[in-house]
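Peer 1: Fold the following.
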Amino acid sequence: MSTTTVQAAAPADRPAPAGPPRKVRSRGERSLPASLASHGILILASVVALFPVAWLVFLSLGPDKDDYLHPGRIWGRMTLDNYAFVLQETNFFDWLKSSLIVSLGTTAIGVLVAATTGYAVSRMRFPGYKKFMWVLLVTQMFPVAVLMVPMYQILSELQLIDSYLGLILVYCSTAVPYCAWLLKGYFDTIPFEIDEAGRVDGLTPFGTFARLILPLAKPGLAVAAFYSFITAFGEVAFATTFLLDDQKYTLAVGLQSFVSEHDAQRNLMAATAVLIAIPVSVFFYLVQKNLVAGLTAGGTKG
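Peer 2: From the prediction side, this is the model:
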């Protein structure tokens, strides 16, 4: 009688218990160290950018013209007398009026000329259109000292010395070339089919430009307007040369009245500089929504 022995099969290896699932970061999500590093860099950059402004405001509160040499003394003697003196004892509001007239005039004329120029080069193919844009760029390479004498002669012959219009035209000669390049690149991003649709609807080329293209180009126009405004608002050399009447001085030129051959009232200069920054900040606030879009789109083509 035979005996049959049955061996039980060895049990299969059991899988090890799985650990908790590893979290997979989505695309664009940063790790904690990377996030802390980026925030730290942004905070440092913000401090670097804001420190000169805060320092200027701090110096403007010092009562003495030499407080900038010993800034620690200002803490216990802060006062607004510098602002009161600038607003009441100087021609600040005349300077402000002149600056706004010149800056807004430069912005209006400069943006209009630059927009029509950029649109023409973007849409029309006339002989020398590429060289024309390069000529505009070359004009930006001449230093102010070289342009001063010929511009003075031209304005003198046109009887525009010591006039707002003469200074506006001078500033436009600086702002228009850059703005034309900027707007030409922005107009290149607008489909040409929009122009064709305007012609089908019976619009003239100028009507197409004014009613269809300009509304789409608001970001680019905002950047051009901001550049033109800043160019005219803070310029000193041309304004000092072409304006003779102290009632027509711009703010940048009026600021020099606090500096003499042997003395400099730096506390009043600081207070005036803070007041000068207010109109620029307001203008920046009005156009800030379109600045980023205009700067990025203007560099995609052209």
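Peer 1: give the contact list for D94.
Peer 2: Q247, K248, Y249 (C-beta atoms under 8 Å, 6 or more residues apart in numbering). Every C-beta, even on glycine, is put in place using the N, C-alpha and C of the backbone.
Peer 1: For the last one, give me its contacts.
Peer 2: The contact partners of Y249, taken as C-beta under 8 Å, 6+ apart, are N91, D94, W95, S98, A239, L243, S257.
Peer 1: Serialize those to CSV and add fields for distance to Y129, pLDDT and secondary structure.
Peer 2: Below are these laid out as CSV (distance: C-beta to C-beta, whole Å; pLDDT from 0 to 100; DSSP: H, G, I helix; E, B strand; the rest coil):
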residue, distance to Y129, pLDDT, secondary structure
N91, 47, 89, coil
D94, 44, 91, helix
W95, 42, 91, helix
S98, 38, 92, helix
A239, 34, 90, helix
L243, 37, 88, coil
S257, 47, 80, helix
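Peer 1: Mind checking what secondary structure L169 has?
Peer 2: helix (DSSP: H, G, I helix; E, B strand; the rest coil).
Peer 1: tell me the SS of the closest residue to it other than its chain neighbours?
Peer 2: Residue nearest to L169 in three dimensions, not counting chain neighbours: L160, with 7.2 Å by C-beta to C-beta, 6 or more residues apart in numbering. What three-state DSSP gives for L160 is coil.
Peer 1: What score does L160 have for pLDDT?
Peer 2: According to the prediction, L160 has pLDDT 90.
Peer 1: related to what we said a few turns ago, which one of the contacts of D94 is nearest to T204?
Peer 2: K248 (40.2 Å; C-beta to C-beta).
Peer 1: quick one: contacts for the closest one?
Peer 2: D94, S98, D162, Y164.
Peer 1: who wins for neighbours among those residues?
Peer 2: Counting neighbours by other C-beta atoms under 10 Å, S98 leads these with 23 neighbours.
Peer 1: pretty sure that one is in contact with D246, am I right?
Peer 2: No. With contact defined as C-beta atoms under 8 Å, S98 does not count as touching D246 (10.1 Å).
Peer 1: Can you give the distance of stretch 156-163 from its chain's centre?
Peer 2: Centroid separation for stretch 156-163 versus its chain: 30 Å, with C-alpha atoms, centre = their mean, to the nearest Å.
Peer 1: Same question for stretch 103-123.
Peer 2: With C-alpha atoms, centre = their mean, you get 17 Å for stretch 103-123.
Peer 1: How about stretch 226-234?
Peer 2: The answer for stretch 226-234 is 8 Å, by C-alpha atoms, centre = their mean.
Peer 1: Which of the residues in that stretch are classified as buried?
Peer 2: Of all the residues in stretch 226-234, those buried under the rule 16 or more other C-beta atoms under 10 Å are F226, Y227, S228, F229, I230, T231, A232, F233, G234.
Peer 1: Next, format those as CSV and append distance to P215.
Peer 2: What follows is the buried residues of stretch 226-234, written out as CSV (distance: C-beta to C-beta, whole Å):
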residue, distance to P215
F226, 18
Y227, 20
S228, 20
F229, 21
I230, 24
T231, 25
A232, 26
F233, 27
G234, 30
